[in-house]
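> Predicted model follows, preceded by the sequence.
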Amino acid sequence: MDLQNQQRIKDAAEKYGPENVVVILGSSDAEGAEIYAETVSNGDPTYAGPLAGVQSGLAVYHVFEQEIRDECDANAWEEQISMMEMVLDPEKLSEAVSGIRAQFSKYAL
């Protein structure tokens, strides 16, 4: 996750409170999704960005998780996301992020 996005997430959590921020990832690989999920919930594991050492416990989900899909407009989902659902591994991506969420997140939807 780049430094600007880390700063945006940190700023949002400080402004609105971590209990009111949900991070939705759209990573295409499970390993990247895990790293991003850990970064926003438990702090930057590389200790290089604004979230280094920040254990915010933010709620983090992958866009393919059912909780997120249930919140989306069906037409928008079909138009914007369904194609990627066919070429990626939604189950593996969802499991990667939900595992990190279970370990580090203090908040949920």
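Looks like it arrived, so ask away. Residues are numbered from 1 along each chain as shown.
> Could you use CA atoms for every contact and neighbour count after this?
Fine.
> Correct me if wrong, but Tyr61 is in a helix.
No. Counting by DSSP: H, G, I helix; E, B strand; the rest coil, Tyr61 falls outside a helix, being strand.
> wait, it sits on Ile68?
Yes. Tyr61 lies in contact with Ile68 (C-alpha atoms under 8 Å); the separation is 7.4 Å.
> Comparing the two, which residue is more hemmed in?
When neighbours are counted by other C-alpha atoms under 10 Å, Tyr61 and Ile68 differ, and Tyr61 comes out ahead with 27 against 13.
> Can you pull out the residues in contact with the helix or strand hosting Gly99?
Element membership of Gly99 [criterion: DSSP states H and E] is helix 90-104. Here helix 90-104 makes contact (C-alpha atoms under 8 Å, 6 or more residues apart in numbering) with 27-31, 33-34, 37-38, 41-42, 57, 59-65.
> Please identify the buried residues of it?
90, 93-98, 100-101, 104 (16 or more other C-alpha atoms under 10 Å).
> same thing with stretch 82-90?
Neighbour count says stretch 82-90 has Pro90 buried, by 16+ other C-alpha under 10 Å.
> likewise stretch 52-66?
By neighbour count with 16+ other C-alpha under 10 Å, stretch 52-66 contains the buried residues 52, 54-65.
> Outside of that stretch itself, which residues are in contact with it?
By C-alpha under 8 Å, 6+ apart, the surrounding residues in contact with stretch 52-66 are 13, 18-19, 21-27, 33, 37, 39-47, 68-69, 85, 90-91, 93-94, 97-98, 101, 104-109.
> Stretch 5-14 too?
The contact list for stretch 5-14 (C-alpha under 8 Å, 6+ apart) reads 18-21, 40, 49-51, 56.
> Give me the buried subset of those.
Using 16+ other C-alpha under 10 Å, the buried ones in the contacts of stretch 5-14 are 18, 21, 40, 49-51, 56.
> Out of the residues you listed, list just those in helices.
Mapping those onto helices (DSSP state H) picks out Val40.
> Just give me the closest of the buried ones among the contacts of stretch 5-14 to Leu3.
Comparing these against Leu3 with C-alpha to C-alpha places Gly49 closest, at 5.5 Å.
> give the contact list for the most far-flung residue of the chain relative to its centre.
Farthest-out residue of the chain from its mean C-alpha position, per C-alpha atoms, centre = their mean: Asn75, at 22.5 Å. Contacts of Asn75 were listed using C-alpha under 8 Å, 6+ apart, and none were found.
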